[in-house]
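> generate a structure from the sequence data that follows.
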Amino acid sequence: MKILIILCEGPHDVAFIYKVSRLALNAQDITGTKLKDFPSPLGSHFVRLLQNYRYEDSQLTGRPEIPTTLSLTPHEDQEIVYLLIYPMGGDSKIESWKDQIQKFQDIAINDLPEMKAEISIGLIFDADDGLADRVKKCHDNFNDILPEITGLNATEQHICLTKSFKSLGLHLFCNDEGTGNLEEILIPLMKLGNEQIFNEALEYLNRNKDNKRPTEKKFKSNYDENKSLLGVVGQLQCSGVANNSIIKQSDYITNDKLSVSEKASELVSFLKSLINSLYE
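Predicted coordinates:
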């Protein structure tokens with residue numbers, strides 16, 4: 001069995017990776033598949049996850065972290081790859097990232113024939129203040145569980161072999177200056193061919209935003225122009241849904257756009273390299 005695990009920060013990241021996988025990799029959404037229909041060891045992993053979760057110790061809305069799940073076959077005669085995309089949270093949630101990595105390391109090194117799986121894993125973060133700073137954080141945060149990560153950087157070496165996984169990859173969302181986040185890739189990509197809609201939506205936001213509502217402090221910590229812009233233009237096609245659903249469902253992102261966007265093409269290349277490593 002071949003599995004590609006993608007760990008990223010939030011639901012917007014999951015939605016974009018999902019959209020890219022659907023369009024550029026022809027992946028199929030199988031999130032609705034019954035647990036008993038997943039092959040081992042993936043099916044049994046999901047069952048254990050649900051059975052062992054301590055619901056009584058969680059909040060009322062607590063639940064196990066369930067991935068967005070897709071499948072793809074690069075070529076007709078090749079085995080299916082199961083693509084699992086997890087939103088793990090930001091820097092304050094690194095222990096959750098490591099816990100998820102450990103779970104799949106345990107599967108990857110299992111020698112039982114019925115539990116055998118070839119697994120590659122990709123870590124995706126926003127660059128935020130800069131590529132070098134983010135890479136150093138990744139080295140420091142994951143060196144104890146993935147020592148090979150110290151050989152990865154943001155410009156030349158994105159993927160390497162590991163003792164437990166077929167390959168390990170690191171990808172950072174950034175603008176042309178090497179800083180920023182996913183939205184700085186998303187907005188230009190979605191705006192292409194829809195300039196009037198986006199320009200008028202931005203005018204609306206600038207005309208109506210009030211930096212004292214609900215309070216000045218809350219506005220400063222909560223308002224993000226790109227995320228608000230995404231929400232406004234999304235309502236023209238997907239009324240009442242959250243930004244992650246807008247990314248998935250709207251037609252602002254197309255395969256043609258992905259092919260001409262350098263940043264989107266880098267993500268496609270990263271995913272393809274991890275997938276190809278499963279067949280080596």
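
> so where's the longest strand in this protein?
strand 118-126 (DSSP state E).

> centre of the chain to that strand, how far?
When C-alpha coordinates are averaged (C-alpha atoms, centre = their mean, to the nearest Å), strand 118-126 and its chain have centres 9 Å apart.

> mean confidence for it?
Averaged over strand 118-126, pLDDT sits at 97.

> swap in stretch 226-244?
For stretch 226-244, the mean pLDDT works out to 97.

> in that stretch, which residues are buried?
226-234, 238, 241, 243-244 (16 or more other C-beta atoms under 10 Å). C-beta: built from backbone N, CA, C; applies to glycine.

> mind putting the residues you listed into TSV with secondary structure?
Formatted as TSV, these follow (DSSP: H, G, I helix; E, B strand; the rest coil):
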residue	secondary structure
226	helix
227	helix
228	helix
229	helix
230	helix
231	helix
232	helix
233	helix
234	helix
238	coil
241	coil
243	helix
244	helix
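
> need the residues you listed in TSV (columns: distance to residue 15).
Shown next, in TSV, are the buried residues of stretch 226-244 (distance: C-beta to C-beta, whole Å):
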residue	distance to residue 15
226	14
227	12
228	17
229	16
230	10
231	13
232	17
233	15
234	11
238	12
241	11
243	8
244	4
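
> just the closest of those residues to residue 28, please.
Nearest to residue 28 among the buried residues of stretch 226-244 is residue 244, at 19.2 Å by C-beta to C-beta.

> surely the closest one meets residue 17?
No. Using C-beta atoms under 8 Å, residue 244 is not in contact with residue 17, being 10.9 Å away.

> would you say residue 187 is within a helix?
Yes. Counting by three-state DSSP, residue 187 is located in a helix.

> quick one: contacts for it?
198, 226, 229, 230 (C-beta atoms under 8 Å, 6 or more residues apart in numbering).

> could you do residue 243 as well?
So residue 243 contacts 11, 12, 15, 227, 230, 231, 234 (C-beta under 8 Å, 6+ apart).

> look up how far residue 13 lies from it.
The gap separating residue 243 from residue 13 is 11 Å, by C-beta to C-beta, to the nearest Å.
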